[in-house]
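> sequence below, structure please.
(one chain, ligands or ions: 1)
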Amino acid sequence: MIIALGTIGIGLAFRSLLLQEAQAGIRVTSDDIARVAEASNALGYYDPATVLDTLANKEQLDHWAPPNEYVQIDTIAGYPIGKSSDMGDLRIPPFHPAAGETERISMFRDTDGTPLLVLDRVLAQKGKPLVVAHVAVRLDIIDREVGRAQTILMAAALVACLAVIVVSIFIARNATDPIVRLTTAMETIGSEQLDRRLRWHRNDELGKLAATFDAMLDRLQAAFARERQFISDASHELKTPLTVINANAQLIRRWGDRDPVVKAESLDAIVTESSRLAEMVGGMLVLAKADAGDRIPKEPLALAGIIADVVAHASERAAAKGVAVRAELPPEGAVIVGDAPLIRQLVSNLVDNAIKFTEAGEVVAALERVDGMARISVRDTGVGIEPDAADRLFDRFFRADASHSRAIEGTGLGLAIVRSIARVHGGAVSARARPDGGSIFTVDLPLLALDEGSSPDFNDRPLPQDVES
Ligand code: ADP
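Here you go, the predicted model:
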């Protein structure tokens, strides 16, 4: 439709251009005739009859009428005195000018219907009208030209349109094909095929998307593996106390009425194992809470108060073992943003461990400020840490060297909880043996920056990236 309208518009413009040219052409011929009429005058042929002879001369008229043009000379009364030979029987109607009118452009149809553009002009001699010169041009040729041009234009526009459609389809295919392939590849990688990767090596945006997807799969696979490991470790750890409880319950059922000693021992075992079970489940709940990350409510916390409190609570237990426990706190203290129960649990786990693995000597819980971080360190004079175990101490359910660990009660979750809590607060943990015996556990947590005080809602803060444990 647009193409058709455009073609018609261009055709009309082209036609009006050709008409102007045709008009200019017949005017040039008419001017030539007028010039001859005047030249006759200039040479002194004052006799109008001589001039009329010249103007009516057929050869002369044929010379003025190029192909497609007709020339006809009429007397002022409208009687034709000469016609170019190409006119045949055709007669251009006479021109009777109105007062003051010397020429007229008009359209006229030939006997066979051919349209003609006619310039009628009165040629005067010494101001006296002498003859009327009609110069006409056939317009059917113009119409034919315009028609041909319109057909060519229409065909060219259609071809261009087809080319645009084909190229658009090609470009669209080229653009969407990789997306379709990428989507299909992504769909085939479900949670069961997390080891598969796209491995698209392209230097464009799709290549970046595929690489990002692969990197996400790496992280997901690692997270899934950790979860699987955790479930397997947890099941294993929960199974032991449950088995002990079950065995002792059966003992009581079979011998309990007859043997009070068996009954008492079995009940003791059930109490011990069930409290270990409760402790383990409690630890797993804290881990889940710490792993929840951004859902933890956070507020400014003064660490010195929390550490002093934990130490005060632990001192009685430590004293019973003959271990001294004290806090080393800087007068200026240190404020962080965090969840008070979780931070208390973190300090408490470290202090409890230190007391648990120390037979004599002292446990010191210290606080200092180091490079914009609050550093909590708990050092003891206990069994120390084997160099090859130091890296794994913070793994869930890991307990170093069975020879001493199994003798000491524990779940293997305490330090994993410490690391999770530290990470969710944007901090980091480390452990090392002290050169003169014992060990030191360190936790660095970001200090509350004073210029951040303008934001009253601490829960809006983005979490550090590596919060997964
Ligand atoms: P649990 O204490 O319940 O066994 P933890 O995760 O708290 O579990 O500790 C993991 C292991 O790290 C312990 O079994 C112990 O081998 C080692 N450990 C923890 N704290 C200390 C410490 N203060 N001194 C020496 N070893 C420690």
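> secondary structure class of residue 368, three-state.
strand (DSSP: H, G, I helix; E, B strand; the rest coil).
> surely it touches residue 333?
No - taking contact to mean CB atoms under 8 Å, the distance of 10.7 Å between residue 368 and residue 333 leaves them out of contact. Every C-beta, even on glycine, is put in place using the N, C-alpha and C of the backbone.
> could you find the closest non-adjacent residue to the one residue in the stretch 101-250 of the chain that gets nearest to the ligand?
With CB to the nearest ligand atom, the shortest gap between the stretch 101-250 of the chain and the ligand falls at residue 237, namely 10.4 Å. Take residue 237 and drop its neighbours on the chain: the residue closest to it by CB to CB, 6 or more residues apart in numbering is residue 397, 5.5 Å away.
> so that neighbour touches residue 412, yeah?
Yes - using CB under 8 Å as the test, residue 397 is close enough to residue 412 to be in contact (3.9 Å).
> overlap in contacts, these two.
Shared contacts of residue 397 and residue 412, defined by CB atoms under 8 Å, 6 or more residues apart in numbering, comprise residue 237.
> where in the protein is pLDDT low?
Scanning the chain for pLDDT under 70 picks out the ranges 39-49, 190-192, 292-294, 401-407, 450-469.
> count residues in the vicinity of the residue of the stretch 201-350 of the chain found nearest the ligand, would you?
Of all residues in the stretch 201-350 of the chain, residue 349 sits closest to the ligand, at 6.1 Å by CB to the nearest ligand atom. Neighbours of residue 349 under the rule other CB atoms under 10 Å: 22.
> kindly report the same for the one 10 residues further on.
Using other CB under 10 Å, residue 359 has 10 other residues around it.
> could you find the closest non-adjacent residue to it?
Closest residue in space to residue 359, ignoring its immediate chain neighbours: residue 382 at 6.7 Å, by CB to CB, 6+ apart.
> next: residue 198.
Nearest-residue entry for residue 198: residue 210, 4.4 Å, with adjacent residues in sequence omitted and distances by CB to CB, 6+ apart.
> residue 201 versus that neighbour, what's the distance?
Here the criterion is CB to CB, to the nearest Å. By it, residue 210 lies 9 Å from residue 201.
> looking at the two, which is more packed in?
It is residue 210, of residue 210 and residue 201, that has more neighbours when counted by other CB under 10 Å, with 21 against 8.
> and the helix or strand harbouring residue 272, what does it pack onto?
Under the assignment given by DSSP states H and E, the secondary-structure element containing residue 272 is helix 260-291. Using 3 or more CB pairs under 8 Å, 6 or more residues apart in numbering; DSSP states H and E as the contact criterion, the neighbours of helix 260-291 among helices and strands are helix 205-255, helix 340-356, helix 414-424.
> repeat that for 6 Å
helix 205-255, helix 414-424 (3 or more CB pairs under 6 Å, 6 or more residues apart in numbering; DSSP states H and E).
> ok, now how distant is the residue lying closest to residue 249 once chain neighbours are set aside from residue 261?
Closest residue to residue 249 apart from its sequence neighbours, by CB to CB, 6+ apart: residue 270 at 6.6 Å. Between residue 270 and residue 261 the distance, using CB to CB, works out to 15 Å.
> which one of those two is surrounded by more residues?
residue 270 (19 against 8).
> the more buried one and residue 244 touch, don't they?
No - no contact is recorded between residue 270 and residue 244 when judged using CB atoms under 6 Å, the distance being 7.9 Å.
> residues of the stretch 251-400 of the chain that sit close to the ligand?
Near the ligand, the residues belonging to the stretch 251-400 of the chain are 353-354, 357, 380, 382-383, 385, 393, 398-400 when assessed by CB under 6 Å from any ligand atom.
> possible to save those as CSV with distance to residue 69, neighbour count and secondary structure?
Compiled in CSV, those are given as follows (distance: CB to CB, whole Å; neighbours: other CB atoms under 10 Å; DSSP: H, G, I helix; E, B strand; the rest coil):
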residue, distance to residue 69, neighbour count, secondary structure
353, 117, 23, helix
354, 119, 27, helix
357, 121, 20, coil
380, 121, 27, coil
382, 123, 23, coil
383, 123, 19, coil
385, 115, 20, coil
393, 111, 23, coil
398, 110, 16, coil
399, 116, 20, coil
400, 116, 19, coil
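> farthest-separated two in those?
Across those, no pair lies farther apart than 380 and 398, at 18.7 Å, counting by CB to CB.
> could you report the neighbour count for the nearest residue to residue 280 once chain neighbours are set aside?
Counting by CB to CB, 6+ apart, residue 411 is the residue found nearest to residue 280 once chain neighbours are left out, at 4.5 Å. A count of nearby residues for residue 411, using other CB under 10 Å, gives 21.
> now residue 201: which helix or strand?
Under DSSP H and E, no helix or strand contains residue 201.
> not counting sequence-adjacent ones, nearest residue to it?
residue 207 (6.7 Å).
> burial count for the one you found?
Here the count is done by other CB under 10 Å, and residue 207 has 14 residues near it.
> swap in residue 205?
Residue 205 has 9 neighbours, counted by other CB under 10 Å.
> got it, and residue 171?
Counted with other CB under 10 Å, the burial measure for residue 171 works out to 10 neighbours.
> how far does the helix or strand harbouring it sit from its chain's centre?
Assessed by DSSP H and E, residue 171 sits inside helix 140-188. Distance, stretch centre to chain centre, for helix 140-188: 28 Å (CA atoms, centre = their mean, to the nearest Å).
> go on, stretch 365-379?
Taking CA atoms, centre = their mean, the mean C-alpha location of stretch 365-379 is offset from the chain mean by 43 Å.
> show me what counts as buried in that stretch.
Buried residues in stretch 365-379, counting neighbours by 16 or more other CB atoms under 10 Å, are found at 365-367, 373-379.
> how far does that stretch stretch from start to finish?
Start-to-end span of stretch 365-379 (CA to CA, to the nearest Å) is 7 Å.
> check what contacts that stretch and list those residues.
With CB atoms under 6 Å, 6 or more residues apart in numbering as the test, stretch 365-379 has contacts from 303-304, 307, 311, 327-329, 334, 336, 350-351, 354, 364, 440-447.
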